[in-house]
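Visitor: Any chance you can model this:
(2 chains)
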Amino acid sequence: MIQATSMKPTPPPFHFSRRQFLRDGARVAAMTGLGTLVGLTAARTRGHGTVWQIDPQKCVRCGLCATSCVLEQSAVKCVHAHAICGYCQLCTGYFEPEPNDLNTGAENQLCPTAAIRRSFVEDPYYEYTIDEGLCIGCAKCVEGCNRFGNGSLFLQIRHDRCVNCNQCAISKVCPVDAFRRVPGSQPYLLKTTSHGS
Amino acid sequence: MSELSRNRLFSRRGFMRRAAGTAAAGATLVSLRALAARPEATNPWAYDDTIYRRTDPKLVKYEEKARFSVAHSSPRCICLTKDERLVVGAGRFVCDYTLDGKLLSEFSLADEVRCIAERDDLLYVGLREHIEVYERSGKRKEVWDTPGSKSYFTALAVSEKDLFAADAGNRVVLRYDRFGKLKGRIGDRRKEPPIPGFIVPSPFFDVALAPDGLLRVTNAGWHSVEAYTFDGDLEFAWGKPGAAIENFCGCCNPIKLAFLTDGRVVTFEKGIPRVKIHGPDGKFESVVAGAESFPENAKVCGPNDCTLGGLSGVVDSKGQIYILDLVAANVRRMTRKPTAT
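Guide: All right, here's what the predicted structure looks like:
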């Protein structure tokens, strides 16, 4: 009969299999990569600290955003605050002041590049969305919407396009100093109530 | 002139003169450069509706004969009493004027006056959520129950037995008896027989009694005027959207109606503030006052906020039209030009 002894069992010799080594190595590499990515992103926003943005309450829809950006097609785009929109049948941001008819005919549209999509919701409501690929930031629709509507269309610098110049070329010519630097963590100045009330 | 020492080229005076000249020239150059660098003022994408803000003089058949200021700020509504007095609701005040603009009396309320109607020497005053009844002296007789928290009364019309209240908050015209009992609803959307429902994007929603015995209601979101029986049957509608003079402009117009004795309709618009006359069937006839007559109104009701501004008005027994400018806080008396055909 074998008697139980108080001796502790000897641990097995420490060694890695090749598979374990590769697995752990891959984990370390992935974590390092993720950390680097997070660090770089943080450094990008914190390093510059701020980005350019348009204050929609100051903007006077002068049209210079379309022509003064250093990019071939301006980084300034019209954006739409759907929560403010009245979904009007006769959208004064979409239609010419005296349209032939309330349809999507090119002759009826205000936008010089047909960048606003009009889709039927229910009688007499229509939804208006911006095709940013076509929008040149001329603000013609913004003016129409502000003049007769709720002011739900407004201009913003889109940061997927903006190269964040030290001195924004549009800000230099903006007649009302509507351009200002905002924290990179909150890069948009969105409208939440009509006419800035 | 004193002789200069050998090592001095300029006198002190000469030096100062040259320095001032150089500074002036420099400043001029900098200014010119700054001006040259300024971008073109013209905007190739400008939203241009100026042609619609100018009225063809041939279309204007009325002229202003008198004007008076309202005693209080924020006027919102006007009504004509049976004894030909103008009652104006401004802020929390109800003011009684002669047709010449002489203030006869006034009384105040606890809240802002939104709409007024008169019948049998009783003033029916619409506040935001309920209706109150006053004697002409200002003594309150009745306070009616509110139909709901969303209510926003914008117009009242009183017939012999009924009172019709336009409720912009609920987008419906409520039919009461003269003692405040709710009798029915007019304009609720339905399929059979079809009623499109009222679209009220901004708090301008009018109901009026027409000489033909039907109600007329502004359906501003549809840019139309709709005729209803007292029981709520839609008889006909007219109106077309557009900035041209014969149409109704902006997001939501017309905002107010009045009637000439022969049934022609006086329409009041905001955005492009203008007053026009249409036939009973809606056919455009003439202009009472174009946008150029209301510069302050046009300015306010523009890029800043289209929900402000606007006009209201009434017609007296002689066919004179009284226009209440909600921004300028005045009333104009318009009479038809003698030369107008």
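
Visitor: CA only for contacts and neighbour counts going forward, please
Guide: OK.

Visitor: how about low-confidence regions in chain A?
Guide: The model of chain A has pLDDT under 70 over residues A:1-15, A:38-48, A:194-197.

Visitor: same thing with chain B?
Guide: Applying pLDDT under 70 to chain B flags residues B:1-10, B:30-41, B:300-308, B:341.

Visitor: could you show me where the helices are in it, in order?
Guide: Secondary structure of chain B (DSSP state H): helices located at B:12-37, B:50-53, B:295-300.

Visitor: what packs against the shortest one?
Guide: Applying 3 or more Cα pairs under 8 Å, 6 or more residues apart in numbering or on different chains; DSSP states H and E, one finds that helix B:50-53 contacts no other helix or strand.

Visitor: circling back: winner for burial among the helices of chain B?
Guide: helix B:295-300 (a mean of 19; mean count of other Cα atoms under 10 Å in any protein chain shown).

Visitor: do you know which of the helices of chain B lies nearest residue B:167?
Guide: helix B:295-300 (24.5 Å; Cα to Cα).

Visitor: Restrict that closest one to CA atoms and write it as PDB.
Guide: C-alpha atoms of helix B:295-300 as PDB (Å, rounded to 0.1, in the frame of the first residue of the first chain):
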ATOM      1  CA  PRO B 295     -40.500  97.000 -45.800                       C
ATOM      2  CA  GLU B 296     -40.200  96.300 -42.100                       C
ATOM      3  CA  ASN B 297     -42.500  93.300 -42.400                       C
ATOM      4  CA  ALA B 298     -40.600  91.900 -45.300                       C
ATOM      5  CA  LYS B 299     -37.300  92.300 -43.500                       C
ATOM      6  CA  VAL B 300     -38.400  90.500 -40.400                       C
END
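
Visitor: which outside residues touch it?
Guide: By Cα atoms under 8 Å, 6 or more residues apart in numbering or on different chains, the list of residues contacting helix B:295-300 from outside reads B:270-273, B:291, B:306, B:308-310, B:325-328.

Visitor: next one: stretch A:153-168
Guide: Under Cα under 8 Å, 6+ apart, the answer for stretch A:153-168 is A:51-54, A:56, A:59, A:69, A:75-81, A:93, A:137, A:139, A:141-142, A:145-146, A:187-189.

Visitor: Return the distance of it from the chain's centre.
Guide: The gap between where stretch A:153-168 is centred and where its chain is centred comes out at 9 Å by Cα atoms, centre = their mean, to the nearest Å.

Visitor: and the residue of chain A found nearest chain B, which of the three is it?
Guide: Nearest residue of chain A to chain B: residue A:147, at 4.1 Å (Cα to the nearest Cα). Classification of residue A:147 using DSSP: H, G, I helix; E, B strand; the rest coil returns helix.

Visitor: That one: neighbour count?
Guide: Residues near residue A:147, counting by other Cα atoms under 10 Å in any protein chain shown, number 25.

Visitor: Relative to residue B:48, how far out is it?
Guide: 11 Å (Cα to Cα, to the nearest Å).

Visitor: Just give me the residue right at the centre of chain A.
Guide: For chain A, the residue nearest the mean C-alpha position is residue A:158 (4.9 Å; Cα atoms, centre = their mean).

Visitor: now that one: how far from residue A:189?
Guide: Counting by Cα to Cα, the gap from residue A:158 to residue A:189 is 11 Å.

Visitor: repeat for residue B:272
Guide: Per Cα to Cα, residue B:272 is found 30 Å from residue A:189.

Visitor: again, but for residue A:182
Guide: Applying Cα to Cα to residue A:182 and residue A:189 gives a distance of 9 Å.

Visitor: same deal with residue A:137?
Guide: Relative to residue A:189, and taking Cα to Cα, residue A:137 is found at 16 Å.

Visitor: just residue B:185 next, same as before
Guide: Taking Cα to Cα, one finds residue B:185 at 43 Å from residue A:189.

Visitor: now do residue A:148
Guide: Distance of residue A:148 to residue A:189, computed by Cα to Cα: 22 Å.

Visitor: Touching both of residue A:182 and residue A:189, which residues are there?
Guide: Joint contacts of residue A:182 and residue A:189 (Cα under 8 Å, 6+ apart) are residue A:53.

Visitor: residues in contact with residue B:224?
Guide: Going by Cα under 8 Å, 6+ apart, residue B:224 touches B:218, B:237, B:238, B:239, B:240, B:248, B:253, B:254.

Visitor: ok so, going back, the helices of chain B: which one's closest to residue A:26?
Guide: Residue A:26 sits nearest to helix B:12-37 of all those, at 57.8 Å, using Cα to Cα.

Visitor: At the contact with chain B, which residues of chain A appear?
Guide: Chain A has residues A:62-64, A:86, A:88-92, A:97-99, A:112, A:124, A:138-141, A:143-144, A:146-150, A:173, A:195 near chain B, with proximity defined as Cα under 8 Å from any Cα of the partner chain.

Visitor: Show me which of residue A:137 and residue A:189 is the more surrounded one.
Guide: When residue A:137 and residue A:189 are compared on other Cα under 10 Å, the one with more neighbours turns out to be residue A:137, at 27 against 15.

Visitor: Over to the more buried one. Which of the three states is it?
Guide: Taking three-state DSSP, the label given to residue A:137 is coil.

Visitor: I'd assumed residue A:63 was in contact with it.
Guide: Yes: with contact defined as Cα atoms under 8 Å, residue A:137 reaches residue A:63; the gap is 7.5 Å.

Visitor: Can you list the buried residues in stretch B:134-141?
Guide: The neighbour-count check on stretch B:134-141 (16 or more other Cα atoms under 10 Å in any protein chain shown) flags B:134, B:136, B:138 as buried.

Visitor: tell me the contacts of residue A:129?
Guide: A:80, A:116, A:117, A:118.

Visitor: Now do the phi/psi pair for it.
Guide: Main-chain dihedrals, residue A:129, degrees, to the nearest 10: phi -130, psi 150.

Visitor: and the nearest residue to residue B:132 once chain neighbours are set aside, what does it touch?
Guide: Once flanking residues are discounted, residue B:132 sits nearest to residue B:143: 4.5 Å by Cα to Cα, 6 or more residues apart in numbering or on different chains. Residues in contact with residue B:143, defined by Cα under 8 Å, 6+ apart, are B:130, B:131, B:132, B:133.

Visitor: for those residues, which one is nearest chain A?
Guide: Among these, and counting by Cα to the nearest Cα, the member closest to chain A is residue B:130, at 25.8 Å.

Visitor: I'd guessed that closest one sits against residue B:153; true?
Guide: Yes: with contact defined as Cα under 8 Å, residue B:130 counts as touching residue B:153 (7.4 Å).

Visitor: out of the two, which sits in the busier spot?
Guide: Neighbour comparison, residue B:130 and residue B:153: the larger count goes to residue B:153, with 30 against 19 (by other Cα under 10 Å).

Visitor: For that one, which residues are in contact?
Guide: Neighbours of residue B:153 in contact, by Cα under 8 Å, 6+ apart: B:114, B:115, B:126, B:127, B:128, B:129, B:130, B:165, B:166, B:167, B:168, B:169.

Visitor: quick revisit: backbone phi and psi for the residue nearest to the centre of chain A, please?
Guide: phi -90, psi 120.

Visitor: where do the strands sit along chain A?
Guide: Under the criterion DSSP state E, chain A contains strands at A:50-54, A:76-80, A:116-122, A:125-130, A:153-157, A:179-183.

Visitor: In terms of secondary structure, what does the last one contact?
Guide: Contact analysis of strand A:179-183 by 3+ Cα pairs under 8 Å, 6+ apart lists strand A:50-54, helix A:169-173 as its packing neighbours.

Visitor: Just name the most buried of the ones you listed.
Guide: Neighbour counts (mean count of other Cα under 10 Å) averaged over each of the helices and strands packed on strand A:179-183 peak at strand A:50-54, with a mean of 23.

Visitor: and for that one, what are the contacting residues?
Guide: Strand A:50-54 is contacted by residues A:155-157, A:164, A:168, A:178-184, A:187-189 when judged by Cα under 8 Å, 6+ apart.

Visitor: give me that answer again for 7 Å
Guide: For strand A:50-54, the surrounding residues in contact (Cα atoms under 7 Å, 6 or more residues apart in numbering or on different chains) are A:155-157, A:164, A:178-184, A:187-188.
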